[in-house]
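Enquirer: coords please:
(one chain, ligands or ions: 1)
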Amino acid sequence: MNRRTDPIPFHRPSIGRAERRAVDRVLRSRWLTTGRETLRFEEEFAEFIRCPNALAVNSATAGLHLALEALGVGEGDQVITTPYTFTATAEAIRHLGAHPRFVDINPDDFQIDPSGVEALLEKEKTACLLPVHLGGAPCAATHLKSLAERRHIPLIEDAAHAFPLRIEEGETSEESRKAAPFAGTVGDAGVFSFYATKPLTTGEGGMVVTNSKKTAERIQIMRLHGIDRDAWFRYEGNEADWEYYVVEAGYKYNMPDTASAMGRVQLKRAWELAQQRKRIAKIYLSRLGEYSFFEMPPAPSSHAWHLFLLRIRPEQLTITRDEYIRALSEAGIGTSVHYIPLHLMPYYRDRYGLKPGDFPNALDSFSRTISLPLYPELTDRQIDRIIETVIHIGKSHFRLS
Ligand SMILES: Cc1ncc(COP(=O)(O)O)c(C=O)c1O
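Expert: Residues are numbered from 1 along each chain as shown. Sure thing, here's the model as predicted:
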């Protein structure tokens, strides 16, 4: 082993003995599909984020689809969202035959620009707002919620990156900060991802949360074939175990107990893991922030730090972002790019006739961004090596004039 050259992966999930034991317990029980573990996971998740309804699903993509459907989005509707996201956000809109209407991000923080949302709401009939808390930082959810309320349309938060994240707005005391609502609970529904790289992981999985009983009931039915009861009740409830009614053509989006068991352990560790990500982000901020050729991501006091989005300043460098990534890769450091904006993707570009310059801030951020490794399993030695390498590449390509 050579610690100076061993590859540092872009991500490595924090899976310990407790997760392995929990999954093993489910395997031994022989109950592999949605059951007791999933019910407990939902109850514990709901309690954690102080929301009455949490519904476990097998991905956030499925959760977004269900939330949009339950909140009435359908064929031909327009849903406002950001181009600076993973395709799942917009794809869920398309699954219902509705259309994403993109609004550019702010130049400085990757989040959807609320004034752009307001301008589009003035111009066009809109069925729903679907902002993203990008990278684990808060978008202007409360402001967007008031815009949506004024027009009597729902707001769904894509909180795939944002667990656990409190939406603090000028809160000063520790007490008021702790009382601030969690991302995902500000709007009519919120959707979390438990994909392998996410702050809380079950391998694949997600959770939809909502304050509305009616929305929760609709999602509950639609996530399992449009059947009026979940499988566990079907087999273990008091009523005839073979009896069920199909009331809709629903989907197969339920979470298996193996995943939920893992999720329950991860949920118990959520603050501890978040603290560790925050610690690493702070080190990056203080050590990389000294260099003019880097632009640091905003660091609000409440931040889930799912991603560390470093932007380079190409005008100060003789190297492009892509070359920077290649140099890091050659030094054994895994990075990624979040995101290639959706308006550059052939499907959205061609279907909606979009041009690269239509969303200049998204285009600019994309062209300059590198996501650095950010996960609790990084050792101090690895963190040092990442920082030193990132700085070294920048310094050796610094444009002197
Ligand atoms: C912003 C955003 N929304 C939704 C999703 C979809 O999550 P999942 O993989 O759980 O379906 C992702 C996945 O990376 C994402 O980044």
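Enquirer: now do the buried residues in the helix or strand that contains Ile219.
Expert: Assigned by DSSP states H and E, Ile219 belongs to helix 213-222. For helix 213-222, a neighbour-count test (16 or more other CB atoms under 10 Å) marks 215-216, 218-222 as buried. To be clear about C-beta, it is placed using only N, CA and C from the backbone, and glycine gets the same treatment.
Enquirer: with stretch 357-369 instead?
Expert: 358-359, 361-363, 365-369.
Enquirer: try stretch 113-123
Expert: Buried-residue list, stretch 113-123, by 16+ other CB under 10 Å: 113-114, 116-117, 120-121.
Enquirer: need the max-distance pair from those.
Expert: Asp113 and Leu121 (12.5 Å; CB to CB).
Enquirer: quick one, phi psi at Ile8?
Expert: phi -110, psi 110 (degrees, to the nearest 10).
Enquirer: that older thread, which of the buried residues of helix 213-222 sits closest to Lys125?
Expert: Thr215 (21.8 Å).
Enquirer: and the closest one, what does it touch?
Expert: 53, 67, 70-71, 188-189 (CB atoms under 8 Å, 6 or more residues apart in numbering).
Enquirer: please apply the same query to Glu69.
Expert: With contact set as CB under 8 Å, 6+ apart, Glu69 has these partners: 96, 218, 222.
Enquirer: try 10 Å this time
Expert: 92, 95-96, 98, 215, 218-219, 222, 248, 250-251 (CB atoms under 10 Å, 6 or more residues apart in numbering).
Enquirer: what's the answer for Asp6, then?
Expert: 332, 381-382, 385.
Enquirer: circling back: give me the common contacts of Asp113 and Leu121.
Expert: By CB under 10 Å, 6+ apart, the residues touching both Asp113 and Leu121 are Val103.
Enquirer: quick one: mean pLDDT over the helix or strand Leu285 falls within.
Expert: Using DSSP H and E, Leu285 sits within helix 270-288. Helix 270-288 comes out with an average pLDDT of 98.
Enquirer: flag every residue of this protein that's near the ligand.
Expert: 59-61, 85-86, 88-89, 132, 158, 160-161, 193, 195, 206 (CB under 6 Å from any ligand atom).
Enquirer: going along the chain, name the helices of the stretch 251-400 of the chain.
Expert: 257-268, 270-288, 321-330, 346-352, 360-368, 380-396 (DSSP state H, counting those that start in this stretch).
Enquirer: return the most buried member of these.
Expert: Counting by mean count of other CB atoms under 10 Å, helix 257-268 has the highest mean neighbour count of those, with a mean of 24.
Enquirer: what is that one packed up against?
Expert: helix 17-29, helix 36-48, strand 53-57, strand 206-210 (3 or more CB pairs under 10 Å, 6 or more residues apart in numbering; DSSP states H and E).
Enquirer: quick check: angle from it to helix 36-48?
Expert: 30 degrees (axes from the mean of the first three to the mean of the last three CA atoms, to 10 degrees).
Enquirer: point out where the stretch 51-200 of the chain drops to low pLDDT.
Expert: Filtered on pLDDT under 70, the stretch 51-200 of the chain yields no residues whatsoever.
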